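**Student:** Next come a sequence and a model predicted from it.
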Amino acid sequence: VDELIERFEQTGLGVEQRLVTTAWCTQPHRRLDAGCDRQKAASTPTVMPSSTISTTRRVPSLRTTNPLSLDHRVATHPRRDRHRGLMLLRMFDVRLVSLLVLIVLCVAATILVIWRRWELGLLPCLVLALVLRLVVAYLARPFTPVDVGVAFHAAGNQIALGKDPTLTLPNHEWNFLPFLPYLWSVLRLVPLPWVYAVKIPVIACDVINVWLVGLLASTHAGTKRLLYAISPVAVIVASLHGQIEPISLAFLLGGIVALRKEIDVVAGLLFGFAIATNNWPVLPVAAILLGLPRQRSYKIVPPAFVVLISFFLSSVIFLGSSPLKLAHAMATYSSFAGTWGWTGTLFALGHKNFFGYSSPAVLPGDILIVIAVAFAILGFRRSSDLTRAWTAPMALLMVTPGFGAQYLLWPLPMAIASDAEIGLYTLAATGYFLPIYLGNTVIPGVLPFLAGLSWLVIAVMGYMLWRAFKREDTARGVMRQAVDDTEAGR
């Protein structure tokens with residue numbers, strides 16, 4: 001308990017966040033102490049996973065049922081507590097309304113930019129993106145989910161103690177290479193509340209992504225930079241949630257830029273760092289490499305492997321990790337099922353066993369993912385590198401059994417740069433985000449609503465893939481006609 005309290009004080013979480021985070025950390029699969037009383041852990045209220053719940057939710061039964069409740073440590077005077085509660089409520093209201101207004105403005109601006117084809121120079125776009133993300137990050141402090149607010153800080157602490165967070169933290173808190181935990185161990189020293197410090201590299205990378213989207217755009221670079229700068233999906237994931245997707249995307253987009261400039265070794269290194277931050281960039285990297293000549297692929301793959309093997313060996317050598325256990329932990333990771341698509345529908349229909357990390361939907365879901373991604377890669381194998389890069393992860397999102405809301409950012413920058421229709425996607429994804437990040441997802445009846453809403457997002461994804469396929473088919477037809485005309489003229 002003392003270790004948990006010390007972690008709260010270091011992260012700068014508020015009273016409400018401390019209470020809910022305590023409940024989250026003391027669930028059977030989240031316990032900090034594996035030897036704690038199972039009956040006490042079982043009495044903890046069920047709380048949604050980090051990707052679908054903010055840390056501002058009050059758990060009514062926490063004071064009476066949770067043996068690790070910090071309420072007695074932070075509430076010492078009834079009148080003072082009542083005054084503090086009123087001030088906290090007012091603060092939440094102001095922050096909540098401000099966030100909603102900003103998000104709605106971002107959605108409206110996105111639609112206007114698409115409609116009017118507004119453009120903006122590089123420097124104004126970067127400044128706009130930075131200011132917007134900093135303001136949202138400040139307002140979102142009470143709504144920062146527990147994965148960023150607690151689990152990432154714990155991963156940095158483990159590195160500082162000379163341990164690998166992939167093996168020492170409870171399962172599903174960190175299941176990747178220790179690249180980012182190395183960074184978080186340094187960010188712990190920044191004299192800012194953790195919920196701000198941890199978002200510094202995320203926001204910095206997302207601003208860089210604005211520049212990279214413009215570099216990759218073949219036409220209307222100013223419009224596409226602006227679209228990503230004000231995208232509510234990017235702003236919410238980077239600044240409200242603070243998840244690591246913008247870091248992965250910065251390396252991925254940088255690798256594509258290097259690839260186009262035929263700097264293959266640098267492209268391979270950047271692709272390696274993208275995969276080192278998270279597992280999902282394997283999909284767009286594989287889709288891109290399969291469309292290249294073998295000679296170029298042979299130059300790109302070795303540098304990427306050097307990066308990945310280096311981080312893997314660093315964990316074995318410096319953190320004392322078992323190679324087999326580390327490989328198993330990363331290979332067997334699965335997301336939380338039961339809130340998205342077909343698993344969410346099954347859960348809403350009463351199949352409760354499909355809800356959670358150990359859902360029986362994982363195996364059939366993996367089979368569906370392989371089929372969907374294979375169709376996407378084969379169907380767009382002659383398309384541009386950007387099209388291949390966003391269609392493969394989008395195909396995965398349509399059929400995946402497990403889901404985190406931040407996954408919706410995966411295809412977005414590549415889709416914007418490649419002229420895909422992102423207006424409907426922005427509306428649908430933002431509508432799905434709001435009840436997750438700013439709503440109370442622990443209220444009974446909200447989960448079936450989210451499962452139903454997810455089908456709207458999936459339908460938009462299907463429409464985007466169909467439109468991309470038709471556009472590529474039309475382009476191939478034009479090229480064939482031009483070749484036939486040329487041959488006929490000869």
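**Tutor:** Received the coordinates, thanks. Numbers count the residues shown, from 1 in each chain.

**Student:** Quick check, central residue of the chain?
**Tutor:** In the chain, the C-alpha nearest the mean C-alpha coordinate belongs to residue 406, at 3.1 Å (C-alpha atoms, centre = their mean).

**Student:** Which residue, other than its chain neighbours, is closest to that residue?
**Tutor:** Excluding the flanking residues, the one nearest residue 406 by C-beta to C-beta, 6 or more residues apart in numbering is residue 243, at 4.1 Å. C-betas here are computed from N, CA, C, even on glycine.

**Student:** these two touch, right, that neighbour and residue 144?
**Tutor:** No - contact criterion C-beta atoms under 8 Å: residue 243 and residue 144 do not qualify, at 10.2 Å.

**Student:** Neighbour count: the two, which is higher?
**Tutor:** It is residue 144, of residue 243 and residue 144, that has more neighbours when counted by other C-beta atoms under 10 Å, with 29 against 25.

**Student:** Now that one, what are its backbone angles?
**Tutor:** phi -70, psi 120 (degrees, to the nearest 10).

**Student:** ok, now residue 356?
**Tutor:** phi 120, psi -170.

**Student:** That one: neighbour count?
**Tutor:** The tally of other residues near residue 356 (other C-beta under 10 Å) stands at 17.

**Student:** That one and residue 334: what is the separation?
**Tutor:** According to C-beta to C-beta, to the nearest Å, residue 356 stands 10 Å off from residue 334.

**Student:** Can you name the secondary structure element that comes next after the helix or strand residue 373 falls within?
**Tutor:** Remark: residue 373 resides in helix 362-379, with elements defined by DSSP states H and E. As assigned by DSSP H and E, the chain's next helix or strand after helix 362-379 is helix 385-399.

**Student:** about what we covered before: and for the helix holding residue 373, what are the contacting residues?
**Tutor:** For helix 362-379, the external contacting residues (C-beta atoms under 8 Å, 6 or more residues apart in numbering) are 283, 286-287, 290, 334, 337, 343, 388, 391-392, 394-396, 398-402, 465, 469.

**Student:** pLDDT score assigned to residue 359?
**Tutor:** Note on residue 359: pLDDT of 83.

**Student:** mind listing what it touches?
**Tutor:** The contact partners of residue 359, by C-beta under 8 Å, 6+ apart, come to 334, 337, 338, 343, 353, 401, 402.

**Student:** Where does the prediction get shaky in the stretch 51-200 of the chain?
**Tutor:** Residues of the stretch 51-200 of the chain that meet the criterion pLDDT under 70 lie in 51-92.

**Student:** Helices of that one, residue ranges please.
**Tutor:** Here the stretch 51-200 of the chain has its helices, by DSSP state H, counting those that start in this stretch, at 62-65, 71-74, 78-116, 122-139, 146, 152-160, 165-168, 179-187, 194-197, 200-216.

**Student:** Kindly compare burial across these and name the winner.
**Tutor:** Mean neighbours per residue, mean count of other C-beta atoms under 10 Å, is largest over the helices of the stretch 51-200 of the chain for helix 146, with a mean of 27.

**Student:** Which neighbouring elements make contact with it?
**Tutor:** helix 15-25 (3 or more C-beta pairs under 8 Å, 6 or more residues apart in numbering; DSSP states H and E).

**Student:** Skipping adjacent residues, who's closest to residue 283 in space?
**Tutor:** Nearest non-adjacent residue to residue 283, counting by C-beta to C-beta, 6+ apart: residue 392, 4.5 Å away.

**Student:** wait, doesn't that neighbour sit right on residue 281?
**Tutor:** No - using C-beta under 8 Å as the test, residue 392 is too far from residue 281 to be in contact (10.3 Å).

**Student:** Flag every buried residue along the helix holding residue 373.
**Tutor:** 362, 365, 368, 369, 372, 373, 376, 377, 379 (16 or more other C-beta atoms under 10 Å).

**Student:** Which residue in these has the weakest pLDDT?
**Tutor:** The minimum pLDDT among the buried residues of helix 362-379 falls on residue 362, with 86.

**Student:** Let me see the mean pLDDT of the helix or strand containing residue 460.
**Tutor:** With secondary structure defined by DSSP H and E, residue 460 is part of helix 446-489. Helix 446-489 shows a mean pLDDT of 76.

**Student:** pLDDT score for residue 434?
**Tutor:** 85.

**Student:** Low-confidence bits of the stretch 251-400 of the chain, can you list those?
**Tutor:** For the stretch 251-400 of the chain, no range has pLDDT under 70.

**Student:** Pick out whichever of residue 392 and residue 281 has more residues nearby.
**Tutor:** Using other C-beta under 10 Å, the more surrounded residue of residue 392 and residue 281 is residue 392, with 28 against 24.

**Student:** could you measure that one against residue 189, distance?
**Tutor:** Residue 392 is 38 Å from residue 189, by C-beta to C-beta.

**Student:** Residue 145 is in contact with residue 195, correct?
**Tutor:** No - contact between residue 195 and residue 145 fails when scored by C-beta under 8 Å: they sit 9.9 Å apart.

**Student:** what sits in contact with each of these two?
**Tutor:** Here residue 195 and residue 145 share the contacting residues residue 242, scored by C-beta under 8 Å, 6+ apart.

**Student:** Might one say that residue 421 is in contact with residue 464?
**Tutor:** Yes - with contact defined as C-beta under 8 Å, residue 421 counts as touching residue 464 (6.1 Å).

**Student:** who has more neighbours, these two?
**Tutor:** Counted by other C-beta under 10 Å, residue 421 and residue 464 do not tie: residue 464 has more neighbours, with 20 against 15.

**Student:** got the contact list for that one?
**Tutor:** Per C-beta under 8 Å, 6+ apart, neighbours of residue 464: 394, 415, 420, 421, 422, 424, 425.

**Student:** can you check residue 240 too?
**Tutor:** 99, 136, 137, 140, 143, 144, 437.

**Student:** Might one say that residue 414 is in contact with residue 384?
**Tutor:** No - with contact defined as C-beta under 8 Å, residue 414 does not count as touching residue 384 (9.7 Å).

**Student:** Mind checking which of those two has more residues around it?
**Tutor:** Ranked by neighbour count (other C-beta under 10 Å), residue 414 and residue 384 place residue 414 first, with 28 against 18.

**Student:** leaving aside the residues next to it on the chain, what's closest to the more buried one?
**Tutor:** residue 390 (3.7 Å).

**Student:** Just to check, the one you found is in contact with residue 419?
**Tutor:** No - the criterion here is C-beta under 8 Å, and residue 390 misses it with residue 419 at 11.0 Å.

**Student:** Near residue 307, how many other residues are there?
**Tutor:** Using other C-beta under 10 Å, residue 307 has 21 other residues around it.

**Student:** before we move on, which element is it in?
**Tutor:** Residue-wise, residue 307 maps onto helix 294-318 under DSSP H and E.

**Student:** Run the chain-centre distance for stretch 154-168.
**Tutor:** Mean-position distance between stretch 154-168 and its chain equals 21 Å (C-alpha atoms, centre = their mean, to the nearest Å).

**Student:** again, but for stretch 166-185
**Tutor:** That offset, for stretch 166-185, works out to 15 Å (C-alpha atoms, centre = their mean).

**Student:** start to end distance for that stretch?
**Tutor:** Distance between the two ends of stretch 166-185: 14 Å, counting by C-alpha to C-alpha, to the nearest Å.
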